[in-house]
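> Just to be clear, the model below is a prediction. Sequence and coordinates:
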Amino acid sequence: MIFTKKINLSIPMHQLILSGLIILLPLVSFGQYGGKKNMYSGYIAINAGLEKSRSILGRNIDKEYYDLTLKYQTEGDTFLPKFNLGMNIRDSARQLIIYINELKVLLIAKCEDLKRPEIEAQDTIISLNFLKNYDDCITPSEIFYGTSYSKLKTGPFSAIELTQKLNHFRQTVDSVFVDNASSNSLDNHLDYTTRHQWKSSGFKNKPLAAILTLLSKLQLDIKLQELSVIDYLKNAEE
């Protein structure tokens, strides 16, 4: 897979800043700069920005799909393969976003001992507000990796399953270029999820608030990747 071409996605600058900050925050000790409560407030603010950026991005993507559909209606069957690829990308991205939302609900339910209706009533997975155990580092690690030091947990909502779903999405993106002999490609917004040991340590020993925020970043990056490939399909020459 090659992702090198730069395209103008008109993404708000604050999203780029937030993406950088979210990498740094989990590395900062909770005992610094005003204590755990202030750190929690920082995660709330960053997560809110990520969610806002994803909402804005969603509207941009809706316009791209409208244009893709219009191009299919104009060009007919000659554009049908690219249109079908676009619909496949849309469905794959949507399913992955929903999966990560379910993972967020599970993390909050286990750490906070809450039922789903209670979590949804307070809109906690979007706002991150009202968490009492925001600094829980143990429960999230057990959900992602299990309790064994020698063998990673597998199965529903494990880090391994999340990685498998991300790999499937990347393969779906790669399918756009199977029949294309040119060197045209996209930015790889999910490159960090393929790096060494991401699967086994990307969420390990991090507090709940940090993990939820990292998952929000992951959802935003999925949408960025989706926008990149739909923009490519819409503008690709036959």
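Alright, I've got the coordinates.
> where are the low-confidence patches of this structure?
Scanning the chain for pLDDT under 70 picks out 1-34, 179-185, 238.
> Please repeat the previous calculation with a cut-off of 90.
With pLDDT under 90 as the threshold, the chain has low-confidence stretches at 1-39, 118, 120-127, 129, 148-150, 175-188, 195-197, 235-238.
> so where do the helices sit in it?
Remark: helices of the chain, listed N- to C-terminal, are 13-24, 36-75, 80-112, 116-121, 124-127, 138-145, 159-174, 198-201, 208-235; assignment by DSSP state H.
> Out of those helices, which one sits most buried?
helix 208-235 (a mean of 23; mean count of other Cβ atoms under 10 Å). The way it works is simple: take the backbone N, C-alpha and C, and place the C-beta from them, glycine included.
> Please compute how far it lies from its chain's middle.
Going by Cα atoms, centre = their mean, to the nearest Å, the spacing between the C-alpha centre of helix 208-235 and its chain's C-alpha centre is 5 Å.
> other SSEs contacting that helix?
helix 13-24, helix 36-75, helix 80-112, helix 138-145, helix 159-174 (3 or more Cβ pairs under 8 Å, 6 or more residues apart in numbering; DSSP states H and E).
> let's see it at 6 Å
Secondary-structure packing of helix 208-235 (3 or more Cβ pairs under 6 Å, 6 or more residues apart in numbering; DSSP states H and E): helix 36-75, helix 80-112.
> Next, the angle from that helix to helix 36-75.
Relative orientation of helix 208-235 and helix 36-75, computed by axes from the mean of the first three to the mean of the last three Cα atoms, to 10 degrees: 20 degrees.
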